[in-house]
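In: here are the coordinates; sequence isn't available:
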């Protein structure tokens, strides 16, 4: 019941959309990822099992869809309306995962953005949209983002949005072939009573 109640959903702000990832996105998604392979490689999740590999595109979407049906994830692509294209183009991916209900009411958020579109406010806007949706529509209380200490672009995103730095998590995730330390950032709904997106847009255009 919860799964059908919270998914699918599309969120919009200006020319930016968060919409469900689809099997038919494979060609466009793969092209974007291929162009950004070097840009994303240092932060790419890897499989710690001996000889382990990451899922292919279809397996990834199937897994994400299953999690969405179980109300434990919101698997979005980040799409942007760009002049010259009939449909919004994929410029990244954002997944709200590890959604926990009950007494925790929290989730974890991860994202990547096309290097060609970086520095235009896409990542913070997308994170703010997703966080507001989780707080306001789903009733979650806490959003967490874990970032490699060397990942300056992502650190700037959470700094811009006012996520609190809650310290280091040693060897937290398997990234690019090895267990990597992360810094953990979090925000609770009480900290953004007016909404994170409106606060971010006001600071950006202020």
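Out: Arrived safely. What you see is a predicted model; the values in this text were computed from it and never measured.

In: Can you give the contact residues for the longest helix belonging to the chain?
Out: Longest helix in the chain, counting residues (DSSP state H): helix 57-69. With contacts defined as CB atoms under 8 Å, 6 or more residues apart in numbering, helix 57-69 is touched by 3-4, 6-8, 20-23, 26, 29-30, 54-55, 73-75, 95, 97. Where you see a C-beta, it was placed from the backbone N, CA and C, and this is true even at glycine.

In: Just the buried ones from those?
Out: In these, burial by neighbour count holds for 6, 7, 20, 21, 29, 73, 74, 75, 95, counting by 16 or more other CB atoms under 10 Å.

In: Identify the residues contacting the second one.
Out: Which is residue 7. By CB under 8 Å, 6+ apart, residue 7 lies in contact with 20, 68, 69, 71, 74.

In: what do you get for the fifth one?
Out: By CB under 8 Å, 6+ apart, the contact list for residue 29 reads 21, 57, 77, 90, 93.

In: Go again with 7 Å.
Out: Going by CB atoms under 7 Å, 6 or more residues apart in numbering, residue 29 touches 57, 77, 90.

In: which parts of the longest helix of the chain are buried?
Out: Neighbour-count burial for helix 57-69 flags 60, 61, 64, 65, 67, 68 (criterion: 16+ other CB under 10 Å).

In: want to try JSON lines for the residues you listed, with distance to residue 153 and pLDDT as columns?
Out: Output for the buried residues of helix 57-69, formatted as JSON lines (distance: CB to CB, whole Å; pLDDT from 0 to 100):
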{"residue": "60", "distance to residue 153": "23", "pLDDT": "97"}
{"residue": "61", "distance to residue 153": "26", "pLDDT": "98"}
{"residue": "64", "distance to residue 153": "24", "pLDDT": "98"}
{"residue": "65", "distance to residue 153": "29", "pLDDT": "97"}
{"residue": "67", "distance to residue 153": "26", "pLDDT": "97"}
{"residue": "68", "distance to residue 153": "27", "pLDDT": "97"}
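
In: Would you format those residues as a markdown table with distance to residue 174 included?
Out: What follows is the buried residues of helix 57-69, written out as a markdown table (distance: CB to CB, whole Å):
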| residue | distance to residue 174 |
| --- | --- |
| 60 | 16 |
| 61 | 21 |
| 64 | 19 |
| 65 | 23 |
| 67 | 19 |
| 68 | 23 |
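
In: quick one: low-confidence parts of the protein?
Out: Where the chain drops to pLDDT under 70, the residues are 1-4, 206.

In: one more time with 80
Out: 1-5, 205-206 (pLDDT under 80).

In: Please, where are all the helices along it?
Out: Here the chain has its helices, by DSSP H, at 2-6, 26-35, 37-40, 57-69, 122-132, 152-161, 196-205.

In: re the thing from before, just the closest of the contacts of residue 7 to residue 175, please.
Out: Nearest to residue 175, judged by CB to CB, of the contacts of residue 7 is residue 74 at 22.1 Å.
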